[in-house]
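Visitor: Next come a sequence and a model predicted from it.
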Amino acid sequence: MQSPRTAPADAERPFGLHELFFSTTDRKGRIRSGNGVFIRVSGYAEAEMVGQPHNLIRHPDMPRCVFDLLWSELIAGRSIAAYVKNRAKDGAFYWVMATVTPLADGGFLSVRLKPSSAVFDAARGIYGQLLAREREVEAEGGTRKEAIAASTALLGE
């Protein structure tokens, strides 16, 4: 499903502070629906996204421990909010503050907006440290699970 990336790695997809976008997924994280803002910003047509795992838009700069924490909370029936760096179809990135909540039918609703808090800069710095830790563990021969555990421990500090 991934298409060739055409945007420079440092290109950011624009969207406004006033724009709110959402998507719904099934329990396994496969996209069921998304609004027009999500479709426009991601660069995917709705038909390209529906049925695909939400990690279709996962940016490789995101520490995996963030998603591990997110899924742990959701599976436990709790809502969670996190900053997430996504990657559009053309390779450009966009940051969101995502609030994800379980739905009565077993799926999930993610509502996202443009980050504007001063906390956002601190979170990006921490994410860089977490990602570096994950890569370090894997470069030393550690497994993906060990890398996530190491970055989760660092996050806890």
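Guide: Alright, I've got the coordinates. Numbering: from 1, shown residues only.
Visitor: Report the distance from stretch 144-151 to the chain centre.
Guide: With Cα atoms, centre = their mean, to the nearest Å as the basis, stretch 144-151 stands 18 Å off its chain's centre.
Visitor: what does that stretch rub up against?
Guide: Residues outside stretch 144-151 that contact it (Cβ atoms under 8 Å, 6 or more residues apart in numbering) are 63-65, 68, 130-131, 133-138, 142. Just so you know, the C-beta spots here come from the backbone N, C-alpha and C atoms, and that holds for glycine as well.
Visitor: now the most centrally placed residue in the chain: how far from residue 58?
Guide: Relative to the mean C-alpha position of the chain, the nearest C-alpha, by Cα atoms, centre = their mean, is the one of residue 84, at 4.3 Å. Applying Cβ to Cβ, to the nearest Å, the value for residue 84 to residue 58 is 8 Å.
Visitor: For the nearest residue to residue 110 once chain neighbours are set aside, what is the enclosing helix or strand?
Guide: If the residues on either side of it in the chain are set aside, residue 110 comes closest to residue 100, at 4.6 Å by Cβ to Cβ, 6 or more residues apart in numbering. Assessed by DSSP states H and E, residue 100 sits inside strand 93-102.
Visitor: so what does the following helix or strand past that strand touch, helix or strand wise?
Guide: Sequence-wise, the next helix or strand downstream of strand 93-102 (DSSP H and E) is strand 108-113. Using 3 or more Cβ pairs under 8 Å, 6 or more residues apart in numbering; DSSP states H and E as the contact test, the elements touching strand 108-113 are strand 21-25, strand 93-102.
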